[in-house]
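> need the 3D shape of this:
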Amino acid sequence: MRALIAIPVYNEEKYVPRVLSHVLEYADDVLVIDDGSTDRTPALLAKHPVDVIRHGVNRGYGRSLRDAFAIAQCRGYDWLITMDCDEQHEPAEIPNFLRAAAEGGFDVISGSRYLSRHRLREDIGSPPPDRRRINEIITQEINERLGGEGHGRLGTILTDSFCGFKAYRTSALRRLRLTEDGYAFPMQFWVQAAAGGLRIRELPVRLIYNDPTRTFGGPLNDADVRLAHYRQVLHCELERCADRLPASALEGVHAGCGKG
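Residues are numbered from 1 along each chain as shown. So this is what the prediction gives:
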């Protein structure tokens, strides 16, 4: 089983050396997507034996993940593992994702910071209240519309819809037509995963939140604006995938986005 580790970065000079050193203890094939960093990140990346693709300008978290999906498919990897570069995802968890992937039966192994947390080591820090609240609201709505078994459903009930620590079966990614560039990428992903029949399971990971000052940038720093944006993307994608989803998933959805 060939697996690629993909790490989106944007101005992560504080973390790049430590994170990459630790990741390389567990993986040989590592891809970093530099999303237009303007600090010392590019110079630091050059000191590590990893592949790098660089965006000339900042294009967004979702675009970085989409690039990683495309490269993993083009290079013939069986699995792609994505993780962040801010030390909130522990490289030591990579073998757990690989073992879960090798067990078979699933297309996406999604990390959860809120699943069976008593089995893990002590958490470090906690997310700002608005981020935890938005995660709970969106996760609940996704579960109400797409959770559970059956045609057009995720096959599970999610506990953490925003965790970026995931393993993807690359052959399953070919069923998706993802276009979202920004932080609302998970909303589009979960809808298309359900519509495409991807088999999902969650894997507990430790909750680590060591920098509560990090921001989204621009209007998304406002929690109400951010929640409204996430819901708009979610509802637009539900409309686009309506023909492959149960009618209950579309109840109350009037996003007016069409089926482009």
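> so residue 191 makes contact with residue 236?
No: counting by CB atoms under 8 Å, residue 236 is not a contact partner of residue 191; they are 9.0 Å apart. (Glycine included, C-beta is placed from N, CA and C.)
> neighbour count: these two, which is higher?
residue 191 (28 against 22; other CB atoms under 10 Å).
> disregarding residues adjacent in the polypeptide, which is nearest to that one?
Leaving out its chain neighbours, the residue that sits closest to residue 191 by CB to CB, 6 or more residues apart in numbering is residue 237, at 4.0 Å.
> now do the same for the closest residue to residue 147 other than its chain neighbours: helix, strand or coil?
Spatially, and ignoring its direct neighbours in sequence, residue 147 is nearest to residue 157 (4.5 Å; CB to CB, 6+ apart). Secondary structure state of residue 157, per DSSP: H, G, I helix; E, B strand; the rest coil, is coil.
> tell me which residues touch residue 108, please.
166, 167, 168, 169, 172, 193, 198, 199, 200, 201 (CB atoms under 8 Å, 6 or more residues apart in numbering).
> who does the host helix or strand of the fifth one touch, helix- and strand-wise?
Going back to what we said before, that points to residue 172. Applying DSSP states H and E as the criterion places residue 172 in helix 170-173. Judged by 3 or more CB pairs under 8 Å, 6 or more residues apart in numbering; DSSP states H and E, the packing partners of helix 170-173 are helix 61-74, strand 79-82.
> ok, which of those comes nearest residue 129?
Residue 129 lies closest, by CB to CB, to one member of those: helix 61-74, at 21.7 Å.
> how about the CA coordinates for the closest one, as PDB?
C-alpha atoms of helix 61-74 as PDB (Å, rounded to 0.1, in the frame of the first residue of the first chain):
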ATOM      1  CA  TYR A  61      -7.000  25.800   2.200                       C
ATOM      2  CA  GLY A  62      -9.400  23.900   0.000                       C
ATOM      3  CA  ARG A  63      -7.400  24.600  -3.100                       C
ATOM      4  CA  SER A  64      -4.300  23.200  -1.400                       C
ATOM      5  CA  LEU A  65      -6.200  20.000  -0.500                       C
ATOM      6  CA  ARG A  66      -7.500  19.700  -4.100                       C
ATOM      7  CA  ASP A  67      -4.000  20.000  -5.400                       C
ATOM      8  CA  ALA A  68      -2.900  17.200  -3.000                       C
ATOM      9  CA  PHE A  69      -5.800  15.000  -4.200                       C
ATOM     10  CA  ALA A  70      -4.800  15.500  -7.800                       C
ATOM     11  CA  ILE A  71      -1.100  14.700  -7.300                       C
ATOM     12  CA  ALA A  72      -1.900  11.600  -5.200                       C
ATOM     13  CA  GLN A  73      -4.100  10.300  -8.000                       C
ATOM     14  CA  CYS A  74      -1.600  11.200 -10.800                       C
END
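> show me where this structure has its strands.
Secondary structure of the chain (DSSP state E): strands at 3-9, 30-34, 51-54, 79-82, 108-112, 166-169, 200-204.
> export those as JSON lines, with columns for mean pLDDT and distance to residue 125.
Putting the strands of the chain into JSON lines (pLDDT from 0 to 100; distance: least, CB to CB, whole Å) gives the following:
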{"stretch": "strand 3-9", "mean pLDDT": "98", "distance to residue 125": "21"}
{"stretch": "strand 30-34", "mean pLDDT": "98", "distance to residue 125": "25"}
{"stretch": "strand 51-54", "mean pLDDT": "98", "distance to residue 125": "29"}
{"stretch": "strand 79-82", "mean pLDDT": "98", "distance to residue 125": "22"}
{"stretch": "strand 108-112", "mean pLDDT": "97", "distance to residue 125": "17"}
{"stretch": "strand 166-169", "mean pLDDT": "98", "distance to residue 125": "21"}
{"stretch": "strand 200-204", "mean pLDDT": "96", "distance to residue 125": "17"}
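> all set, thanks.
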